[in-house]
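Q: Prediction below, plus the sequence it came from.
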Amino acid sequence: MFRFFRQSPPIGIDLGTANTLIYVSGKGVVLDEPSVVAVNKKSGTLLEVGENAKRMIGKTPDTIETVRPVRDGVIAHKAATDLMMQTFMARGNSGRQTAPRMLVGVPCSITDVERHAVREAGIIASKEVHLIDETVAAAIGAGLPITEPVGSMIVDIGGGTTDVAILSLGSPVASESVRVAGDEITESIIRYMKRKYGLVIGESTAELVKVKIGSAHAKALNDDAHLDVSGYNTSTGLPESITVTALEVREAIHEPLQTIIDTIKRVLDIVPPELASDVHARGIVLAGGGALIPGISELIAEATGLFTVVADDPLHCVVNGCGEVLEHWNEFKHCLADFEG
Ligand code: ADP
Ligand code: MG
């Protein structure tokens with residue numbers, strides 16, 4: 001007897017520190033939401049997930065807690081991650097919480113224990129859970145020819161980590177991950193406002209400042225661009241509003257950007273000569289939300305002397321790369337972090 005049922009399609013997941021994205025084969029990206037959950041502190045009940053939970057950050061009463069369950073690219077709060085992924089899977093995958101094959105992006109620096117946690121989260125009774133190094137996925141998503149014997153350099157500036165890799169024949173040849181990325185850039189704006197103006201601003205306000213008038217290089221943004229920001233004055237304890245300029249924000253974020261540049265330089269230092277010459281000829285591709293900071297490609301190009309471009313749609317590179325792998329499984333399966341044979 002034949003039983004007909006609709007086979008659910010393979011799924012790719014970018015479980016990021018800042019954002020989670022889900023790709024469903026044949027459909028494309030079906031979910032793109034902040035990796036945030038809001039829970040009732042006492043009962044542990046889930047209140048909101050994703051965009052709605054992110055809007056609550058910094059504005060919750062004592063009874064509610066917002067949690068970002070993924071830290072530095074790995075699962076820091078297992079229960080919260082499970083709740084979040086269950087909700088996202090149901091939202092993005094027509095109510096289904098599973099798929100026959102799943103591909104999850106993981107940081108290159110991940111440990112075996114962390115890998116196991118991702119497998120468990122990644123989730124929910126799938127027969128086949130595969131892991132892919134996020135730099136590999138990002139490079140595929142950015143359209144780099146990573147399966148060829150040619151050095152391709154990718155820099156993924158996410159929320160928690162910046163991952164730098166030079167890839168050849170489907171794998172990283174040289175790579176480094178540093179815990180300085182979008183979150184730390186936001187933090188540097190908070191510290192600057194406190195130091196210079198004695199103004200304490202929240203994470204969401206600082207992120208808005210970064211996204212609206214942040215820039216990495218003088219070529220990118222009019223220095224006079226400005227924004228009014230509110231917070232509270234540390235000496236009076238009263239609410240206050242101050243106008244901050246693009247020039248000040250550039251000064252504020254200089255240090256984390258310098259750390260990212262130092263990391264890129266270290267990776268360039270350890271790459272074998274043949275691949276170094278490829279990278280010199282082909283340049284650096286930037287991915288992740290941090291790549292959207294105006295002037296970042298100019299800054300990196302100036303610091304390294306290498307041609308640098310921002311990938312198309314940098315926030316989607318990892319999930320699109322997962323999608324490419326799923327759609328062209330036989331071509332790419334040897335690029336998976338857990339591929340054996
Ligand atoms: P992750 O993969 O770690 O979840 P993402 O690649 O999604 O991270 O990038 C998220 C980071 O990018 C956040 O820190 C966010 O503030 C930052 N970001 C997003 N858009 C912009 C923008 N237009 N300008 C500057 N930073 C941005
Ligand atoms: Mg990412």
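A: Now that the structure is in, tell me what you want to look at. Ligands and ions are numbered 1, 2, ... in the order given.
Q: measure residue 241 to ligand 2 for me?
A: Distance, residue 241 to ligand 2, using Cβ to the ion, to the nearest Å: 33 Å. C-beta here means a position set from N, CA and C on the backbone, and glycine is covered the same way.
Q: swap in residue 233?
A: Here residue 233 is placed at a distance of 36 Å from ligand 2 (Cβ to the ion).
Q: is it true that that residue touches residue 193?
A: No: judged on Cβ atoms under 8 Å, residue 233 makes no contact with residue 193 at a distance of 10.7 Å.
Q: Please say which of those two ends up with more neighbours.
A: Legend: neighbour count by other Cβ atoms under 10 Å for residue 233 and residue 193, higher for residue 193 (23 against 14).
Q: I figured the more buried one was touching residue 241, is that so?
A: No: using Cβ under 8 Å, residue 193 is not in contact with residue 241, being 11.5 Å away.
Q: quick one: common contacting residues for these two?
A: Applying Cβ atoms under 8 Å, 6 or more residues apart in numbering, one finds that residue 193 and residue 241 are jointly contacted by residue 229.
Q: what touches both of residue 233 and residue 193?
A: 199, 200.
Q: Output stretch 193-213 in PDB with nothing but the alpha carbons.
A: Only the C-alpha atoms of stretch 193-213 are listed here, as PDB (Å, rounded to 0.1, in the frame of the first residue of the first chain):
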ATOM      1  CA  MET A 193      28.200  59.400  25.500                       C
ATOM      2  CA  LYS A 194      28.800  58.600  29.200                       C
ATOM      3  CA  ARG A 195      32.400  59.800  29.100                       C
ATOM      4  CA  LYS A 196      31.900  62.900  27.100                       C
ATOM      5  CA  TYR A 197      28.500  64.100  28.200                       C
ATOM      6  CA  GLY A 198      27.800  62.200  31.400                       C
ATOM      7  CA  LEU A 199      24.700  60.900  29.500                       C
ATOM      8  CA  VAL A 200      23.600  57.300  30.000                       C
ATOM      9  CA  ILE A 201      21.800  55.900  27.000                       C
ATOM     10  CA  GLY A 202      20.200  52.500  26.400                       C
ATOM     11  CA  GLU A 203      21.300  49.800  24.000                       C
ATOM     12  CA  SER A 204      18.400  50.400  21.600                       C
ATOM     13  CA  THR A 205      19.100  54.200  21.500                       C
ATOM     14  CA  ALA A 206      22.800  53.500  20.900                       C
ATOM     15  CA  GLU A 207      22.100  51.000  18.100                       C
ATOM     16  CA  LEU A 208      19.800  53.600  16.500                       C
ATOM     17  CA  VAL A 209      22.600  56.200  16.600                       C
ATOM     18  CA  LYS A 210      25.000  53.600  15.000                       C
ATOM     19  CA  VAL A 211      22.600  52.700  12.200                       C
ATOM     20  CA  LYS A 212      21.400  56.300  11.500                       C
ATOM     21  CA  ILE A 213      24.600  58.300  11.600                       C
END
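Q: buried stuff in that stretch?
A: Across stretch 193-213, burial judged by 16 or more other Cβ atoms under 10 Å covers 193, 197, 199, 201, 202, 205, 206, 207, 208, 209, 210, 213.
Q: what about the first one, which SS state?
A: Under the three-state scheme (DSSP: H, G, I helix; E, B strand; the rest coil), residue 193 adopts helix.
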